[in-house]
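[1] Mind looking at a prediction? Sequence and model below.
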Amino acid sequence: MKYEIILYWSEDDGAFIAEVPELAGCMADGATEEEALSNAKIVIREWIETAQELGRDIPVPRGRLKYA
């Protein structure tokens, strides 16, 4: 899995959030950074499996995203 994961602390959620911008709606949380990243890896696999079952396109990982 080579998708970019953005990790940050959310004061509102009281947890670390791991977002996967290339996979719409794909995110996870955890009490620690490590837990959030571990959960994100699980959610990425589940996102891909669901997309395959539904016959949807799976984005090719682009690596580091560039913002203007």
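    Ah, there it is.
[2] Asp57 versus the residue nearest to the spatial centre of the chain, what's the distance?
    Among the residues of the chain, the one closest to the centroid is Val20, at 3.0 Å (C-alpha atoms, centre = their mean). Distance, Val20 to Asp57, by C-beta to C-beta, to the nearest Å: 15 Å. To be clear about C-beta, it is placed using only N, CA and C from the backbone, and glycine gets the same treatment.
[3] next one: Glu11
    Applying C-beta to C-beta, the value for Glu11 to Asp57 is 35 Å.
[4] how about the residue nearest to the centre of the chain, phi and psi?
    For Val20, the backbone dihedrals (degrees, to the nearest 10) come out as phi -120, psi 90.
[5] out of everything not next to it in sequence, what's closest to it?
    Nearest residue to Val20, sequence neighbours excluded (C-beta to C-beta, 6 or more residues apart in numbering): Cys26, at 4.0 Å.
[6] Can you report how many residues lie near the one you found?
    Burial measure for Cys26: 18 neighbouring residues, criterion other C-beta atoms under 10 Å.
[7] Go ahead and confirm it touches Trp47.
    Yes: between Cys26 and Trp47 there is a contact at 4.7 Å, judged by C-beta atoms under 8 Å.
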